[in-house]
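Undergrad: Fold the following and give me the result.
(one chain, ligands or ions: 4)
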Amino acid sequence: MMAANTVPLLPRLVSSSVAIANHAGKIIRDVLNKGDLQIVQKEHVKDLQTEADRAAQRCIIGSLTKHFPGLIIIGEEEESSGPVQLTEQSSVVPLKFTCPPHLAKLSQEQIVVWVDPLDGTSEFTEGLLDHVTVLIGIAVDGKTVAGIIHQPYFNYKNKEKELGRTIYGIIGSAGENDGVVGGLLVKPPPTGCVVATTRSHASSTVNDAVSSCDPTEVLRVGGAGHKVLLLLDGSAHAYVFASPGCKKWDTCAPQAVLEAAGGALTDIKGDHILYHRHVQHRNSEGVLATAPGQDHAAYIRKIPAHVKENLVK
Ligand SMILES: Nc1ncnc2c1ncn2[C@@H]1O[C@H](COP(=O)(O)O)[C@@H](O)[C@H]1OP(=O)(O)O
Ligand SMILES: [Mg+2]
Ligand SMILES: [Mg+2]
Ligand SMILES: [Mg+2]
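TA: Numbers count the residues shown, from 1 in each chain. Ligands and ions are numbered 1, 2, ... in the order given. Now for the predicted structure:
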């Protein structure tokens, strides 16, 4: 085995982030088990924060900073006071795939880590627990390159199966499942068009965009991470969200995992989403993602002009 300091920075960061996301998932379950979510309303009634969001973010940012001093990390939540659980280096296990050669010699200054400690907060407070994910996305020179999606309540309705799963990937890496580890990758059925969209942030523009795809079925579910998992497990063909509500921490990790698997995630006009340190946080031109094997450009062409014109920088 290679000594730790000879392993390139990116795989070290991804393997630490996997351990940290798993730990954050346990913190989320512990807060819910205690039964006091301490809900705070942020910008509007469907924009909530709980002690689980806050405690998970304290763990993720504290642990990443401890393992990688000086790393630029942008988290959804503001700094909060309270106990900080740090992930031990001993819980970090080596990655199951190799680092793409063009990402093997990075300096830490090129990297921005986007953290959503709990995606799907509205659904979490309503008990729709499998909509919840922990998202850690890694961008290099403004482009997402790697992502970790941890789903702390995967299998929670089936007590005989292992609770929780973590799916992670580096775009362009070779290895198990072409660079995506931890999830069963299934293409959606060749016929039909299942579109996943928001259940808690709908509007007439959001609904017009969904209808323009001529869906055979619409899945109204929570969370950006959760909807991308539906694209990866064959449950949906596209994820369409014509609204400025999603932020960079919602899409950075899901986009990397999806693109590592051969899918695509852009804004609703088909333009790339950028993840530089000083980029605006809001994905003001919406989100459109398609499963591996789908014709992404064809979906973009179907979105009506008035929807595209409604979403501006
Ligand atoms: N209008 C909004 N205000 C705040 N967050 C939003 C909004 N729309 C979307 N989001 C974020 O994007 C995620 C996916 O959106 P949706 O579930 O509506 O499809 C939400 O879970 C939420 O992330 P979070 O739960 O981390 O705050
Ligand atoms: Mg939120
Ligand atoms: Mg989110
Ligand atoms: Mg969140």
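Undergrad: drop to CA atoms for contacts and neighbour counts, all remaining ones
TA: Fine.
Undergrad: Any idea how many residues pack against Ile273?
TA: 21 (other CA atoms under 10 Å).
Undergrad: Quickly note the distance from the closest residue to it other than its chain neighbours to Thr121.
TA: In this structure, Ile273 finds its nearest non-sequential neighbour in Thr266, 5.9 Å apart by CA to CA, 6 or more residues apart in numbering. Thr266 sits 23 Å away from Thr121, going by CA to CA, to the nearest Å.
Undergrad: Up against ligand 4, what does the stretch 101-250 of the chain have?
TA: Neighbours of ligand 4 within the stretch 101-250 of the chain, by CA under 5 Å from the ion: 116, 118-119.
Undergrad: how about those residues in CSV, adding secondary structure, neighbour count and pLDDT?
TA: Formatted as CSV, these follow (DSSP: H, G, I helix; E, B strand; the rest coil; neighbours: other CA atoms under 10 Å; pLDDT from 0 to 100):
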residue, secondary structure, neighbour count, pLDDT
Asp116, strand, 28, 99
Leu118, strand, 31, 98
Asp119, strand, 25, 98
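Undergrad: With distance to Arg165 added, can I get those residues in a markdown table?
TA: Formatted as a markdown table, these follow (distance: CA to CA, whole Å):
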| residue | distance to Arg165 |
| --- | --- |
| Asp116 | 17 |
| Leu118 | 15 |
| Asp119 | 15 |
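Undergrad: tell me which of those is nearest to ligand 3?
TA: Minimum distance to ligand 3 across those is 3.7 Å, recorded for Asp119 (CA to the ion).
Undergrad: dump the residue contacts of the closest one.
TA: 131-135, 223-225, 250 (CA atoms under 8 Å, 6 or more residues apart in numbering).
Undergrad: Roughly how far does Ala242 sit from Val287?
TA: Taken as CA to CA, the span from Ala242 to Val287 is 6 Å.
Undergrad: One more: Glu160?
TA: The gap separating Glu160 from Val287 is 36 Å, by CA to CA.
Undergrad: repeat for Asn207
TA: Per CA to CA, Asn207 is found 13 Å from Val287.
Undergrad: Over to Ile39?
TA: In terms of CA to CA, Ile39 sits 27 Å off from Val287.
Undergrad: Same check on Val186?
TA: According to CA to CA, Val186 and Val287 sit 22 Å apart.
Undergrad: With neighbour numbers in mind, choose between these two.
TA: A side-by-side neighbour count of Val186 and Val287, using other CA under 10 Å, places Val287 first with 25 against 14.
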